[in-house]
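S.K.: here's a sequence, model it:
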Amino acid sequence: MAFKDLLELTKKQFLKKNPEADVEFRAASEEPAPTGLIVDNPLFEYLLDRRFLAYGRFVLVYGKKGSSKTSLFLDLAKLYQRVGGDVIWIETEHAIDLDYVKKQGVDLSKIAVIHPDSLEQGLGIAEAIIRNMPKAYPEGDTPVLIAFDSIAGAAVEYELDTSNTISDIQPGIHARLLSRFFRELEKPLANEKAVFLMLNQLKSKIGGMGYGEDAHDALIGGEAQFFHSSIHLKMAKIQEMTAPGGEDGATRKIGSVHKLQCKRNKLGREGKNQEVEIDLYIDGGIDWWSPLVRKLAKEYTSLVTRSGAYYRWNIPNTAYVDPETKKPAVIDTEKSFREAELAMVIRASTAAKDEIRKAFGIPALPAAKEVEEVESTRKKKRKAALKTEDPAPVTRTVSLVEGA
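M.R.: Purely as a prediction, here's the structure:
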């Protein structure tokens, strides 16, 4: 009883001094569960240790030059587009290849692109987007993906000022700008059905001591991006994929294989063991399913076994919808599948995906009632945000990619 009395007295005094505050005083058992965009992809779920990409969070994707960070963003963009969500691409490098974006399968008519001239402009635009979301989406039911691509590619206004010479520097200016951005936008973003994806280029740290594979990694922009991002995904290219092409049969690159590590995850497991491989094709984008088959055959042989170039599914009576006939069927445990063939069958089987999630130890989705309560609370907070003053006007306008 004393514990409840303490909370009630504290709450009463706090609200008397801060009547507009929305601070909650409640038992941990009453804390709402996190919710997010359901990905329906066991390999990505393994990486996230959840069946969803949590809303209202900053997500950091980083890797060396050529690790295909933008391709991962485009894959997430397709996921959002499939569920009727909106995608905003704040592109600082002025290097969009629309032909490649089309080949990745992204609908250009449903993605907006903004090219800020500086880091300050880019962060200012991002702030205005987040703060304006309660007005733009009054019901708050539309999932939104905002991508900042990239931090390393954005110059600060001080660097763009031609009155300054190369020798004129302001140490830490990127870090100071980003630190304030994250601190100010963390709360408003938490009330939205949105994910803010930050892309950054991995560099080698000069000097200093340390141990481990990440000891000498460095990112432009300082530590704030690490502190405030709920998920860190480190990306690296492992090898290129080639195949004969054209009438003369010349070997050409068709894609590449990449390693994805979840280095930090505030909602689940993280570290070196939270690692997957993905296949990235120039035509078609990321294939998660063939690498899933390979992972199962290597580490989860109770589900899939491999013999040479063929694979077998080991769980009997696993239903799926035949991709060709569109009719219900059962996976034949006596049949030997090619990698891509079994990948297609697993993708078409809710039961197979559930078996894989069970083997991976991925938690179930929150109950529908919990999701409703979270949505209700979030919408109340969004309505309160509408009473705040409008953000400063943005100097650059958002345009659809095709009209950019």
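S.K.: surely residue 317 and residue 349 touch.
M.R.: No. Using C-beta atoms under 8 Å, residue 317 makes no contact with residue 349, being 11.4 Å away. Placement of C-beta: from N, CA and C, glycine included.
S.K.: which one of these two has more residues nearby?
M.R.: Taking neighbours as other C-beta atoms under 10 Å, residue 317 and residue 349 compare with residue 349 leading, 21 against 8.
S.K.: and the more buried one, what does it touch?
M.R.: Counting by C-beta atoms under 8 Å, 6 or more residues apart in numbering, residue 349 touches 318-321, 331.
S.K.: count the residues that sit near residue 353.
M.R.: Residue neighbour count, defined by other C-beta under 10 Å, stands at 20 for residue 353.
S.K.: list the beta-bridge partners for the residue lying closest to residue 52 once chain neighbours are set aside.
M.R.: Residue nearest to residue 52 in three dimensions, not counting chain neighbours: residue 36, with 3.5 Å by C-beta to C-beta, 6 or more residues apart in numbering. Here residue 36 sits in beta bridges with residue 54, going by DSSP bridges.
S.K.: mind checking the pLDDT average for whichever helix or strand residue 254 is part of?
M.R.: Assigned by DSSP states H and E, residue 254 belongs to strand 250-265. Across strand 250-265, pLDDT averages out at 96.
S.K.: CA atoms only for it - export them in CSV, please.
M.R.: In CSV, the C-alpha atoms belonging to strand 250-265 read as follows (Å, rounded to 0.1, in the frame of the first residue of the first chain):
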residue,chain,number,x,y,z
ALA,A,250,30.2,-13.0,-71.6
THR,A,251,30.1,-13.2,-67.8
ARG,A,252,28.4,-10.2,-66.1
LYS,A,253,27.5,-9.2,-62.6
ILE,A,254,23.9,-10.0,-61.7
GLY,A,255,24.1,-9.2,-58.0
SER,A,256,26.0,-9.8,-54.7
VAL,A,257,25.8,-11.6,-51.4
HIS,A,258,25.7,-9.5,-48.2
LYS,A,259,26.1,-10.0,-44.5
LEU,A,260,23.7,-8.2,-42.1
GLN,A,261,24.4,-8.0,-38.4
CYS,A,262,22.1,-6.6,-35.8
LYS,A,263,24.7,-4.9,-33.6
ARG,A,264,22.2,-3.4,-31.2
ASN,A,265,18.5,-4.2,-30.6
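S.K.: direction included, what does that strand pair against?
M.R.: Here strand 250-265 has these sheet partners by DSSP bridges: strand 229-245 (antiparallel), strand 275-281 (antiparallel).
S.K.: next, the buried residues of it.
M.R.: Of all the residues in strand 250-265, those buried under the rule 16 or more other C-beta atoms under 10 Å are 254-256, 258, 260-265.
S.K.: follow-up on the earlier one: out of the strands paired with strand 250-265, which is the most enclosed?
M.R.: Among the strands paired with strand 250-265, the stretch with the highest mean neighbour count (mean count of other C-beta atoms under 10 Å) is strand 275-281, at a mean of 19.
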